[in-house]
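Participant: Provide a 3D model corresponding to the input given below.
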Amino acid sequence: MAQQDPNSQPENALKKHFHRIGGRRAERFTELMPGVLVCVTIALATTFIADRYGGPVMLYALLFGMSLHFLSEEGRCLAGVEFASRTILRIGVALLGVRITVEQISELGFGPILTVIVGVTSTILVGYAVARMLGLPKDLGLLTGGSVAICGASAALALSAAMPRHENHERNTILTVVAVTALSTIAMVIYPLFVSVLGLSDDQAGVFLGGTIHDVAQVVGAGYIISQHTGDVSTFVKLLRVAMLVPAVMCFIFIYRQQRQAEKGTGGKVPMLPTFLVGFIVIVIINSFGLIPPVAVEGLTDLSRWCLVTAIAGLGIKTSFQKLAVVGWKPIILMVIETLFLLLLVLGFILIGGVGS
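Facilitator: Numbers count the residues shown, from 1 in each chain. Have a look, this model is predicted:
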């Protein structure tokens, strides 16, 4: 009878362990692929439409996704759609940091920095107060205020990821993204005309456009309509608002820490800083030292956009038109008030405070 090698037992156990891990990963991959592929397909289709015919790709992805809402009730796609709307979303938010450097922020000077800080903080507080006045949940007021104040749809997705989930969580996020994208598109068309009527200088116009328009793409579009210099200034001011995403998310995590703890259960701890926010900060620091080549910055920026469009397609699939119709006009009124407040505040800083002169 052959004697068994004593070293073979641990080796066999190790092989079985890795085989089980590989099997679970393959099973998980198979489970996620149908839903993720649907979201990626929507992202590809809507990006093609936006690039060829113009318009906001985020809004297209939402509407396409919502038209496929029935997939969220079908077992094969559900896991992948959930993965896209949460994990891929957080990857996209983390990669937003590649657009920002500390040097860009410091070059703006104290005036625009103060304008952005006050504008972001006060708009979020106004959103909270007006939401309570209109009888809307405080969660919706903070979410809409943050999206209007910081960077539109991207901020809505990032802040939503830091908030506890409840029955209307996805509906509120989708509603915020739809409304803020529509308002940002309107602002891109109207605000350059407004700047012309007021006779603002290129620097003042850049601060105004970068400090008031919600989405980055619309800021770039509106700024370069006026001049190259206005486009540069408006983009830098807008990126400073994007940088405010870090303290805003940290505040949201602190505010909702107890609710998220209850959501996770008493057994687990909720980290003060989520992984996607840590990734965002680390990428900003690395980019500030010039360690990311320009080609990589461009590639990572595109990857971030693809992740966000894919995630918003997943959120759209999870949301029905019927649920949105129940909300009514109050949230739209809320976001219009927040938008007008931010416009008047930034304009006051420019005309009275001399910012951008």
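Participant: flag the shaky bits of this protein, pLDDT-wise.
Facilitator: Scanning the chain for pLDDT under 70 picks out the ranges 1-23, 74, 104-105, 107-108, 217, 258-274, 277, 319-327, 356-357.
Participant: next, the residue positioned nearest the centre of the chain: secondary structure please.
Facilitator: Note on the chain: the residue nearest the mean C-alpha position is S154, at 2.0 Å, using CA atoms, centre = their mean. The three-state label for S154, taken from DSSP: H, G, I helix; E, B strand; the rest coil, comes out as helix.
Participant: contacts only, for it.
Facilitator: G92, V93, L96, D215, V216, V242, L245, L308 (CB atoms under 8 Å, 6 or more residues apart in numbering). Yep, even glycine has a C-beta here, placed from its N, CA and C like the rest.
Participant: likewise for A79?
Facilitator: By CB under 8 Å, 6+ apart, the neighbours of A79 are E31, L32, G35.
Participant: what's the helix or strand for it?
Facilitator: helix 75-83 (DSSP states H and E).
Participant: so after that helix, what's the next helix or strand?
Facilitator: helix 89-95.
Participant: pretty sure G92 contacts T301?
Facilitator: No: applying CB atoms under 8 Å as the test, G92 and T301 come out as separate, 10.6 Å apart.
Participant: count of residues packed around the residue nearest to V195 when sequence neighbours are not counted?
Facilitator: Excluding its sequence neighbours, the residue lying closest to V195 (CB to CB, 6 or more residues apart in numbering) is A205, at 4.5 Å. By other CB atoms under 10 Å, 29 other residues sit near A205.
Participant: so where does A205 fall, helix or strand?
Facilitator: Assigned by DSSP H and E, A205 falls in helix 202-212.
Participant: so which residues make contact with that helix?
Facilitator: 111-112, 115-116, 119, 187, 191-192, 195, 200, 219, 222-223, 226-227, 229-238, 240-241, 339, 342-343, 346-347, 349-350, 355-357.
Participant: so among the residues you listed, which ones count as buried?
Facilitator: Neighbour counting by 16 or more other CB atoms under 10 Å classes 111-112, 115-116, 119, 187, 191-192, 195, 200, 219, 222-223, 226, 230-238, 240-241, 339, 342-343, 346-347, 349-350, 355-356 among these as buried.
Participant: now do the SS call for F194.
Facilitator: With three-state DSSP as the criterion, F194 reads helix.
Participant: how much space between it and E73?
Facilitator: Look at F194 and E73: by CB to CB, to the nearest Å, they are 45 Å apart.
Participant: repeat for W329
Facilitator: 28 Å.
Participant: and if you look at G328?
Facilitator: Counting by CB to CB - G328 and E73 are separated by 25 Å.
Participant: tell me, how many neighbours does the closest residue to I350 other than its chain neighbours end up with?
Facilitator: Distance criterion CB to CB, 6+ apart; nearest residue to I350, sequence neighbours excluded, is Q204 at 5.1 Å. Neighbourhood size, Q204 [other CB under 10 Å]: 22.
Participant: adjust the sequence numbering to begin at 20 for everything that follows.
Facilitator: Right, with 20 as the first residue, what we last looked at is Q223.
Participant: tell me which stretches of the stretch 120-269 of the chain form helices.
Facilitator: Using DSSP state H, counting those that start in this stretch, the helices of the stretch 120-269 of the chain run over 121-126, 129-152, 157-168, 171-181, 188-217, 221-231, 235-245, 247-262, 264-274.
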